[in-house]
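> Below are the sequence and a predicted model for it; my questions follow.
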Amino acid sequence: MFQIIILAAGKGTRMKSQTPKVLHTLCNKSMIHYIIDQSKKITSSIDIILAHKYEEVKKSIEKFNIRIHKQNLEKYPGTGGALKEIPLIEDKILILNGDMPLITTEEIQKFFDIDADIVMSIMKLNNPDGYGRVVIQNGNVKKIVEQKDANEEELKIPYVNAGVYMFKKEVLEKYIPLLNNNNAQKEYYLTDIIEMAVRNGLNVKALEVNEEDFKGINSKKDLAEAEKIMCNRIKDKWMKEGVIIRLPETVFIDAYSEFDGECEIESGCVIKKSKIINSKIKANSVIEEAVINNSEIGPMARIRPKSEIIDSKIGNFVEVKASKLNDVKAGHLSYLGDSEIDSGTNIGAGTITCNYDGKAKYKTKIGKNVFVGSDSQLIAPVVIEDDVIIAAGSTVNKDIKKGSLAISRAPLKIVKNFYYKFFGKK
Ligand code: UD1
Ligand code: CA
């Protein structure tokens with residue numbers, strides 16, 4: 001079996017954020033969750049090393065059931081320091097940086113497939129800024145120099161250390177105790193093992209990898225660039241599965257959304273943690289934690305968490321929250337919150353479920369074949385039974401029995417020629 005050790009203890013200073021680096025998200029899923037998911041497809045022997053904001057990161061990954069360690073950052077700072085007190089269990093051990101969310105199972109597998117004492121990963125970059133440089137002599141790797149320790153010549157080297165390595169267990173056992181912190185950052189660099197191993201004649205192989213899969217996230221700019229790659233992967237996958245996405249570069253689909261049957265997503269939509277089945281989502285709609293089945297949503301609609309919309313049509317500027325709509329039409333300008341609306345019901349333009357009285361939230365229940373006239377306010381808690389007509393402009397603050405008309409309307413008064421008197425013209 002293989003062992004994977006994920007390094008995620010660093011401060012991530014360059015992110016300039018209160019959020020621990022590895023909890024920053026791409027397409028709504030944190031970096032560290034991507035890495036653990038990919039690792040788990042290869043082995044169940046996984047260790048993760050935390051320190052900075054330990055409790056917060058630990059809480060976010062507890063469900064994965066992997067071994068969690070705390071690095072002693074005072075005593076042993078750095079990527080080499082991270083490994084000082086970690087049990088080395090399996091014969092082949094892969095070290096992954098926690099800030100490389102784009103890595104895939106296929107890429108990880110390559111490291112285990114090569115026979116060597118050490119397999120390291122290198123990338124050739126036009127802009128190597130931020131990475132450790134790989135010094136290569138006569139086609140062989142000699143050492144890795146961190147950017148902060150590099151001289152002018154070394155800074156020009158286009159080959160960088162991608163930050164993933166496979167070590168045979170005995171190699172780590174031998175060299176980790178030999179690491180020191182004589183460098184610009186006063187840290188124990190894992191990368192120093194390479195130079196020592198090369199000098200001692202070990203079989204060190206370099207695997208050339210690409211930035212699409214190995215990009216390290218150190219800044220919010222890196223995060224944005226990686227998110228674009230991740231989001232494209234997600235959209236490509238769904239398009240392959242048969243989803244139509246209009247102008248995909250304008251659409252955001254998160255890592256947790258799913259599509260089934262024939263779906264079409266128009267430009268500018270944002271879809272998070274939702275399940276969309278046989279539905280069309282028109283331009284610039286936002287859908288979050290919802291199930292949309294056999295329905296048409298938008299353009300410019302907002303469907304918020306805990307909503308379930310089945311066989312329905314939701315039009316522009318309609319906001320739905322925590323509501324269950326089944327065979328409902330709500331075409332324009334409405335707020336439907338904490339409600340349950342049954343089949344054949346039409347919600348007129350400007351209808352508002354007044355679900356909040358300033359202290360608590362209440363439910364609105366609307367039965368079958370109800371006609372809710374435009375600009376009605378339904379003051380929850382309220383139950384409207386089947387076959388009810390609510391006249392336009394009504395304020396409904398009582399339950400309404402089956403088959404009734406509800407109308408609340410101040411009588412209209414008409415004053416003849418008032419306009420001319422008021423403005424003094426004829
Ligand atoms: C590291 C490599 C560099 C490589 C780059 C690739 C070292 C010394 N340098 O640099 O050669 O080009 O990755 O992305 O390894 N971490 C710990 N404990 C620590 C410090 C870091 O667990 O004490 C973790 C971080 O949380 C992070 C990962 O190790 O997930 C990499 O740390 P980071 O500080 O980003 O290293 P780089 O400077 O990018
Ligand atoms: Ca990094």
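Now that the structure is in, tell me what you want to look at. Ligands and ions are numbered 1, 2, ... in the order given.

> so the residue in the stretch 101-250 of the chain positioned nearest to ligand 2 is in which element?
Residue nearest to ligand 2 within the stretch 101-250 of the chain: Gly216 (3.9 Å; CB to the ion). Just so you know, the C-beta spots here come from the backbone N, C-alpha and C atoms, and that holds for glycine as well. Take DSSP states H and E as the rule and Gly216 turns out to sit in neither a helix nor a strand.

> my guess is it meets Asn97, correct?
Yes - between Gly216 and Asn97 there is a contact at 6.2 Å, judged by CB atoms under 8 Å.

> Between these two, which contacts overlap?
Gly163 (CB atoms under 8 Å, 6 or more residues apart in numbering).

> contacting residues for the nearest residue to Ile118 once chain neighbours are set aside?
Among residues not flanking Ile118 along the chain, Val204 sits closest, at 4.6 Å (CB to CB, 6 or more residues apart in numbering). Contact partners of Val204, counting by CB under 8 Å, 6+ apart, are Ala116, Asp117, Ile118, Val119, Met120, Asn140, Val141, Ile194, Ala197, Val198.

> So the residue of the chain found nearest ligand 1 versus Ile32, what's the distance?
The nearest approach of the chain to ligand 1 comes at Gly132, 2.2 Å away (CB to the nearest ligand atom). Computed as CB to CB, to the nearest Å, the Gly132 to Ile32 distance reads 21 Å.

> And Ser334, by the same measure?
Taking CB to CB, one finds Ser334 at 40 Å from Ile32.

> Tell me the residues of this structure that contact ligand 2?
Taking CB under 5 Å from the ion, the part of the chain that reaches ligand 2 is made up of Asp99, Gly216, Asn218.

> any chance of the residues you listed in CSV, plus neighbour count?
Shown next, in CSV, are those (neighbours: other CB atoms under 10 Å):
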residue, neighbour count
Asp99, 24
Gly216, 22
Asn218, 18
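
> Check the chain for its longest helix and report it.
When the chain is parsed with DSSP state H, its longest helix is helix 220-240.

> Can you point out the buried residues in that one?
For helix 220-240, burial by neighbour count (16 or more other CB atoms under 10 Å) applies to Asp222, Leu223, Glu225, Ala226, Glu227, Ile229, Met230, Cys231, Ile234, Lys235, Trp238.

> how many neighbours does Tyr335 have?
Look at Tyr335: counted by other CB atoms under 10 Å, it has 20 neighbours.

> contacting residues around the host helix or strand of it?
If you go by DSSP H and E, Tyr335 is part of strand 328-337. By CB under 8 Å, 6+ apart, the residues outside strand 328-337 that reach it are 309, 312-323, 325, 341-343, 345-347, 349-353, 355-356, 361, 364.

> for it, which positions count as buried?
Under the neighbour-count criterion of 16+ other CB under 10 Å, strand 328-337 has Val328, Lys329, Ala330, Leu333, Ser334, Tyr335, Leu336, Gly337 buried.

> From the contact counts, what lies against the next helix or strand after that strand?
Remark: after strand 328-337, the chain's next helix or strand is strand 339-341, criterion DSSP H and E. Strand 339-341 is packed against strand 324-326, strand 364-366, with contacts defined by 3 or more CB pairs under 8 Å, 6 or more residues apart in numbering; DSSP states H and E.
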